[in-house]
Every structure is written in structure tokens, then in C-alpha cells.
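Asker: Pasting the sequence and the predicted coordinates here, then a few questions.
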Amino acid sequence: MNSDVQRLLVTGGAGFIGSALVQMLLGQPRVQVLNLDKVTYAANPEALERFATEPNYRFVQGDICDRPLVDKLLAEFKPQGIIHLAAESHVDRSIDDAAGFLQTNIMGTHVLLDAALGYWRGLQGAEREAFRFLHVSTDEVYGSLGPEGLFREDSPYLPNSPYSASKASSDLLVRAWHQTYELPTVVCHASNNYGPCQFPEKLIPLMIIKAQAAQELPVYGKGDNVRDWMHVSDHVRGLLAALERGRVGQTYNLGGGVELTNLELVRRICRLLDQELAGSRRQPHEELITFVSDRPGHDQRYALDIAKAQTELGWAPQVEFGQGLADTVRWYLGNQAWWERILKERYNGVRLGLA
Ligand SMILES: NC(=O)c1ccc[n+]([C@@H]2O[C@H](COP(=O)([O-])OP(=O)(O)OC[C@H]3O[C@@H](n4cnc5c(N)ncnc54)[C@H](O)[C@@H]3O)[C@@H](O)[C@H]2O)c1
């Protein structure tokens, strides 16, 4: 982090990736973080409790769609940068009801962009020069790949789910606010993240939690959809590199370079659980795999060309996937109280997104 970037407004800092980002930022004493998060079902209250005692941290529970609140926070906190992660993030939920996705992901991004523009225009000299609006997006905006090829930053936008369409819309707004008003923006497109504290509706935690309880492991379709997996800590380091070294108006792909079919991924989780839970009542865990009806509009394959981020940001993923996945499995086995509370209060593991 260079000396000009000290006060950072993070939106969605109570979520899976946002809380990992805030954790890393709070380790840098020269950085002050203001976390604006609505605390939806997806938020991690334990992370908020953990951060609360940090001297360089402030939390505001609020909605990014609330323009007066965003204006007030910008005027009071005077950030040198905004890292925008707040979003509705689960594809299956977007299939069931897209309204909240359009509201937060599109309208909320519009509110932030417009408020940031007014704030940035009021800055002078070096502060105005250094200000960045970093927008956190997804590889899903590019649509679906066949067996070959990689998405590049100049690949066409062809989103297929309500979630990816809402993220694509927000990316285009960010582009427009840069092109039209010269707001200094940078956009990152990340592949599928994994790691500790991911909400249990997502594939990896859901499979670990169901498998350790000897419940059926629902794999969509034939399980042959391919995803590129990146550890959340690699994503966070990539975002900070983009904030510091990203060229204004540019987009950067951040991916782990680990392509797996969903079936292969679930099998790997099962094999890790076979080792971790040796002697448990249900072995091998692979026998729990059950094929269920596919996600409507299920993208076949995502894979990212990360050469631009490697060259321009000096960033590359570091966490070896086998190690990262094993650590993640152990984290869920060792933090049962964390996810049991969620299963009891907010999500009971049922199938979502059948349209
Ligand atoms: N998880 C992934 O694999 C992945 C991959 C690529 C990009 N992304 C993007 O990264 C960002 C973070 O993803 P995540 O997995 O941490 O999501 P998450 O669902 O775990 O967390 C989202 C956070 O945003 C907050 N939020 C939601 N609506 C809000 C609103 N209106 N105002 C303020 N806060 C609000 C929630 O309370 C929550 O804390 C999202 O923009 C997502 O599109 C995620």
C-alpha cells in the first residue's frame, strides 16, 4: 500500500471475501478501514465481532443504495479509495428471485459511483490523483466457454444468469462513470473463490458439511461443469495489487489457474474427508454423491487468462490448491459452531434455484 492510500471504504466487508480483505487490511497499521455492510443473510457476524476491537476499524451497518448515508460517510471519513464488494452473490438465489440482485448490484453500484464522483470532484491535487474506485466483479460476466480457450479482459460480455447479468450491468456502469466523468476506476474479474468462512450455500462448504453428516451430496447435472478455483487470500492480494498498481480505467482478471469439473472437486473433498474422518460410519464419502437436476442456464466452463494481472500488477496466485482445499476442509470440520448457527438461523441446506 503506498503512502497515499490510507483510509479505505470497503463495502460488503462482512461477507466471505470482504471479511478476508478487511482482515488483511487491518494488519497494516497505516490503513484505516470503514466497512459499510447491510448485514444480509450472507454476512459473517463473527468477523464483525472480531474486527470491532481493532483501532483502525469502523463499522457502519447500512445499505449501499442509501445515497444520503453514502454521501455522509464519504464526507466524514474522506477515503483515499473505495473497494466495492457489497453484492447479492449466489446464482441459485438470483434464479429464484432476481429483484434484490438488481437492486443491490446495479442500483447500489450506481449510488456508490455517483456519490464517489461527487466526492472525488471535491478533492484537490495529490488526493484527487491518488483516489481509486475498485470494483470487484466476476468471471461469470463473460458467459460460458467450450472445452478450449480462456476469458481475456477484452472477451465479450455474455452473462447468462440473473446474478451475472446484474454484475455485468454494474461493470458497465463503472466503465461509463470512467469514460464519461473520468472517475478513476479499476475493475477486477475473479474466478470462483474458496476458503474459510464461506457461506454454506456455496458448493465447497455445502459439500463438506453434508458429507461429514453422511448426507447425500447433490451434484448438478452430470457434474461436468468446469470452474477455475482461487483461494480467497490470493483474491484479496490481487485486489490490493490492483488498488495500488492497477491502471485507471483498466480491468484485470484474477484466477487461480486450477480447473476442475464439479464432480472432480466433490470427489477430492470426499477423499480429504475419508482421511480426516478415518473410521467414521460412512466410508468412502464418494458413495454419497447423487446427481440432481441441473441448474437452469448452467454455464459449462469458466477459465481466465491472468497474464495482464501478472504483468501489470506483479500478482500471481500463491496458494497450492491441494493444500488450500485440505485447509478449508479442516477449517469447516473444526468450526462446526460457526456453520451450525447459520444452518439453524439462516439456511438449512435445501436446493435453491430450480426456476
Ligand atoms: N465468491 C466468489 O467466488 C466471487 C467470485 C468473483 C467475484 N465475487 C464478487 O465478490 C464480491 C463479494 O463476494 P462474496 O462471495 O464475499 O459475497 P457474500 O455474499 O459472501 O457477501 C456479500 C456481502 O455484501 C453485503 N451486502 C449485500 N447487499 C448489501 C447492500 N445493499 N448494502 C451493503 N452491503 C450489502 C452482505 O451483507 C455481505 O456481507 C461480490 O461483489 C461478488 O460478486 C465473488
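Answerer: Looks like it came in fine.

Asker: From now on I want contacts and neighbour counts done on CA atoms only, so please keep to that.
Answerer: OK.

Asker: surely Ser155 meets Tyr142?
Answerer: Yes - counting by CA atoms under 8 Å, Tyr142 is a contact partner of Ser155 at 6.6 Å.

Asker: list the contacts for Cys157?
Answerer: One correction, residue 157 is Tyr, not Cys. With contact set as CA atoms under 8 Å, 6 or more residues apart in numbering, Tyr157 has these partners: 141-143, 168.

Asker: Any figure for the gap between it and Phe199?
Answerer: As judged by CA to CA, to the nearest Å, Tyr157 and Phe199 stand 27 Å apart.

Asker: With Asn225 instead?
Answerer: 21 Å.

Asker: The two: who's more crowded?
Answerer: Phe199 (22 against 19; other CA atoms under 10 Å).

Asker: per-residue confidence at the more buried one?
Answerer: Here the pLDDT value assigned to Phe199 is 96.

Asker: in the stretch 251-355 of the chain, which spans are strands?
Answerer: 251-254, 259-261, 289-292 (DSSP state E, counting those that start in this stretch).

Asker: Switch those over to TSV; also include mean pLDDT, distance to Ala214 and mean neighbour count.
Answerer: Output for those, formatted as TSV (pLDDT from 0 to 100; distance: least, CA to CA, whole Å; neighbours: other CA atoms under 10 Å):
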stretch	mean pLDDT	distance to Ala214	mean neighbour count
strand 251-254	98	35	27
strand 259-261	97	22	18
strand 289-292	96	10	16
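
Asker: Can you add distance to Gln80 and give those back as CSV?
Answerer: Shown next, in CSV, are those (distance: least, CA to CA, whole Å):
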stretch, distance to Gln80
strand 251-254, 20
strand 259-261, 36
strand 289-292, 48
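
Asker: I'd say Gly223 and Val266 touch.
Answerer: No - in this structure Gly223 lies outside contact range of Val266 using CA under 8 Å: 9.0 Å.

Asker: Quick check: closest non-adjacent residue to Ala75.
Answerer: In space, Ala75 comes closest to Tyr119 once its chain neighbours are excluded; the distance is 7.3 Å by CA to CA, 6 or more residues apart in numbering.

Asker: ok, now Ala165?
Answerer: Pro159 (5.1 Å).

Asker: Which pLDDT value does the model give that neighbour?
Answerer: 98.

Asker: Likewise for Ser3?
Answerer: 51.

Asker: so which of the strands of the stretch 251-355 of the chain comes closest to the ligand?
Answerer: The closest of the strands of the stretch 251-355 of the chain to the ligand is strand 251-254. By CA to the nearest ligand atom, the value is 8.8 Å.

Asker: So which residues on the chain come close to the ligand?
Answerer: Within the chain, the positions lying close to the ligand (CA under 6 Å from any ligand atom) are 12-18, 37-40, 42-43, 62-65, 85-89, 104, 136-138, 190-193.

Asker: Just to be sure, which of those are found in strands?
Answerer: 37, 136-138, 190, 192-193 (DSSP state E).
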